[in-house]
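1. sequence plus predicted model, see below.
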Amino acid sequence: MRFAVSPMWEVAPSFRLLRAGTTHPVHRPWADQVRPRLLASGLDRGWLRELIPPTGGYVPDFLNPAPTGLAPTPAAEWEAIRASPADRVRQDLDHLARHEGGLGPRLRALRNDPRGLLPRVAEELETYWELALAPYWARIRAVLDADIRYRARLAAERGTGHLLNDLHASLSWDGTALRMTRRKQPLTRTTAGTGLLLIPSAFTGPGLRTRTTLPDPPQLAYPARGVGTLWEPRSVTRTDALCAVLGRSRALLLTELEIPDSTTQLAHRTGLSPAGVSQCLTALRDAGLVSAHRAGRSVLYARTAAAEALLQAASA
């Protein structure tokens, strides 16, 4: 049994949430920022719309390749999707058709030519990632990593059985079997690969999601601890210390990047000139404190994990 952080496990539930158009008690700040960009990009009318049913249910397994390490990069997962065996893709799409009452023209074409069309699916996944998740990944990743650290310590102090019983209310371990309530089909060693892959998720919702595809180990995605505080504002009370190190303008921009934003909007909010903002952001990016992500015609700048740690230290 091992843990992994998987970017692709965040794609389907986050896309479904954006399409729902309803207020979400936890993810509303994120959705309010991202949904207009999703609609403007046309991604709500592309491959993902047909591959990810809007009201829950089955998502093709080839969209969630088994993570090969603790934290595969998005690019590694897209490459695994491009390399999905054609028979696997067809089998997954047939399963989706049974759940949804058939396939549209786009997915029928994908079923007929997986090798030729999977690159287009992967390209759309990359676009969605850059637009909706990449600018926020440092914050999301911090929550997922904290969950794994908590679970690892729990296993070390109280044993693996206690870890499994603590993972989710619908999951229980009795010493001989791991049981999941409301799962329609039993999962045995003859229907799943060896081991168990536990994946904390920020967007999976209150329930559990599974993937069982031989010869991969079964994957179990569960809601990570701390998701309820994911989008809460993080106050920075001592910017004077940062100003002494970074300079006033760069420190100001770091604190303003509580929400990923563009050069134009940052200039508007801070009163700095667009050229000055651009120069500061370049310096912060070169120092590993800011990352840049293209969203349509705009480039969004976001704080990195290193910047979050720096701000937390300055506020302590």
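-> That came through fine. Numbering: from 1, shown residues only.
2. for the closest residue to residue 226 other than its chain neighbours, what are its contacts?
-> For residue 226, ignoring the flanking residues on the chain, the nearest one in space by Cβ to Cβ, 6 or more residues apart in numbering is residue 143 at 4.8 Å. Bear in mind the C-beta positions are built from the backbone N, C-alpha and C, glycine included. Residues counted as contacts of residue 143 (Cβ atoms under 8 Å, 6 or more residues apart in numbering) are 200, 202, 224-227, 230.
3. redo that, cut-off 10 Å
-> The contact partners of residue 143, taken as Cβ atoms under 10 Å, 6 or more residues apart in numbering, are 200-202, 224-230.
4. was I right to think residue 138 contacts residue 310?
-> No - if you go by Cβ atoms under 10 Å, residue 138 and residue 310 don't touch, sitting 11.9 Å apart.
5. what about the strands in the chain?
-> 2-3, 171-173, 178-180, 197-201, 209-211, 219-223, 290-295, 298-303 (DSSP state E).
6. identify, from the contacts of residue 143, the entry nearest to residue 13.
-> Comparing the contacts of residue 143 against residue 13 with Cβ to Cβ places residue 201 closest, at 7.0 Å.
7. where does the closest one land on pLDDT?
-> What the model reports as pLDDT for residue 201 is 96.
8. ok, it to residue 209 distance?
-> According to Cβ to Cβ, to the nearest Å, residue 201 stands 8 Å off from residue 209.
9. okay, those two: which has more neighbours?
-> residue 201 (24 against 19; other Cβ atoms under 10 Å).
10. and the spatially closest residue to that one that is not a sequence neighbour, what does it touch?
-> Ranked by Cβ to Cβ, 6+ apart and with sequence neighbours excluded, the top spatial neighbour of residue 201 is residue 221, at 4.7 Å. By Cβ under 10 Å, 6+ apart, the contact list for residue 221 reads 4, 6, 9-10, 12-13, 64, 197-201, 203-205, 207-211.
11. what subset of these is buried?
-> Neighbour-count burial (16 or more other Cβ atoms under 10 Å) applied to the contacts of residue 221 gives 4, 6, 9-10, 12-13, 64, 197-201, 203-205, 208-211.
12. mind listing what's buried along stretch 52-63?
-> So for stretch 52-63, counting by 16+ other Cβ under 10 Å, buried means 52-53, 59-63.
13. contacts only, for the closest residue to residue 28 other than its chain neighbours.
-> Counting by Cβ to Cβ, 6+ apart, the nearest residue to residue 28 once its immediate chain neighbours are dropped is residue 231, at 7.8 Å. Counting by Cβ under 10 Å, 6+ apart, residue 231 touches 26-33, 136, 139-140, 202, 258-259.
14. then residue 163?
-> By Cβ under 10 Å, 6+ apart, the neighbours of residue 163 are 1, 150-157, 173, 198.
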